[in-house]
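Trainee: got a structure for you, letters missing:
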């Protein structure tokens, strides 16, 4: 059969939902790659959370504590995606796991947005000034280096598997990078210029975008 004719048949089947790109690749290999990424996510963010929370509580930094909680939320999200990827072989289980993982990721986004809003507003209202935190600066710089690479790798796997849940999980890695940049800016401004309000204000900047992603995940389709 001519190749052009085969291509037309495949294209038609793709449009009807009977076949997509993920059916033509080894899903097992991709799923295992995704699992390795999620194992790394859980390990890295566990360490990151401990470092950020301890340094944030010692310095009284809302943005730094919020960053630590974001890392904990990413651990939960990574665990949900790991569970979903272990069920990728069976299509029926995969679809159910995809919906559940999307829900978990969406809840994680909304929990983060809520916490940052409440604590940042409280900090601004009571004019709570954070102390300098060199440890927090180190944590933020490390996240700025690692998270873009991790997010890019997750998006690649999500695209090939057709997983909206993993796509949103990759967005969490992106937001971790954005938060780390904002966190770093707030900590440096407080250290150099004494701008106490820069820390909670920096945290608030990300809230609308985080909430938008959370709503998108909760409403998301099971195939991206």
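Mentor: Great, that's in hand. These numbers were taken from a predicted model, which means no experiment stands behind them.
Trainee: any idea how far residue 160 is from residue 116?
Mentor: According to CB to CB, to the nearest Å, residue 160 and residue 116 sit 33 Å apart. Any C-beta I mention is one placed from the backbone N, CA and C, and that applies to glycine too.
Trainee: Please say which of those two ends up with more neighbours.
Mentor: When residue 160 and residue 116 are compared for neighbours, residue 116 comes out ahead with 26 against 19, by other CB atoms under 10 Å.
Trainee: Make sure the more buried one is actually in contact with residue 206.
Mentor: Yes. Between residue 116 and residue 206 there is a contact at 7.0 Å, judged by CB atoms under 8 Å.
Trainee: Run through this protein and note the low-pLDDT ranges.
Mentor: Low-confidence segments of the chain (pLDDT under 70): 1-25, 128-132, 220-224.
Trainee: In contact with the one residue sitting closest to the centre of it, which residues?
Mentor: Nearest residue to the geometric centre of the chain (CA atoms, centre = their mean): residue 172, 1.4 Å. With contact set as CB atoms under 8 Å, 6 or more residues apart in numbering, residue 172 has these partners: 73, 74, 77, 105, 108, 109, 213.
Trainee: is it true that the last one touches residue 170?
Mentor: No. Under the criterion of CB under 8 Å, residue 213 is not in contact with residue 170, lying 10.7 Å apart.
Trainee: list the buried ones in the helix ranked longest in the chain?
Mentor: Looking across the chain with DSSP state H, the single longest helix is helix 91-126. In terms of neighbour count (16 or more other CB atoms under 10 Å), helix 91-126 has its buried residues at 94, 97-102, 104-113, 115-117, 119-120, 123-124.
Trainee: before we move on, what about stretch 35-54?
Mentor: Buried residues in stretch 35-54 (16+ other CB under 10 Å): 35, 37-38, 41-42, 44-45, 48-49, 51-54.
Trainee: measure residue 79 to residue 169 for me?
Mentor: Separation of residue 79 from residue 169 (CB to CB) stands at 11 Å.
Trainee: joint contacts of those two?
Mentor: residue 38.
Trainee: more neighbours, the two?
Mentor: A direct count of neighbours by other CB under 10 Å for residue 79 and residue 169 places residue 169 higher, at 33 against 16.
Trainee: which residues does the closest residue to the more buried one other than its chain neighbours contact?
Mentor: Spatial nearest neighbour of residue 169, excluding adjacent residues (CB to CB, 6 or more residues apart in numbering): residue 81 at 4.9 Å. Contact partners of residue 81, counting by CB under 8 Å, 6+ apart, are 34, 38, 41, 101, 105, 165, 166, 169.
Trainee: Repeat the analysis, applying 7 Å as the threshold.
Mentor: Going by CB atoms under 7 Å, 6 or more residues apart in numbering, residue 81 touches 38, 101, 165, 166, 169.
Trainee: try residue 98
Mentor: 84, 163, 164, 165, 222.
Trainee: ditto for residue 189
Mentor: 195, 198.
Trainee: Distance-wise, check it relative to residue 76.
Mentor: Relative to residue 76, and taking CB to CB, residue 189 is found at 31 Å.
Trainee: The closest residue in space to residue 27 that isn't next to it in sequence and residue 138, how far apart?
Mentor: In space, residue 27 comes closest to residue 88 once its chain neighbours are excluded; the distance is 5.8 Å by CB to CB, 6+ apart. The gap separating residue 88 from residue 138 is 36 Å, by CB to CB.
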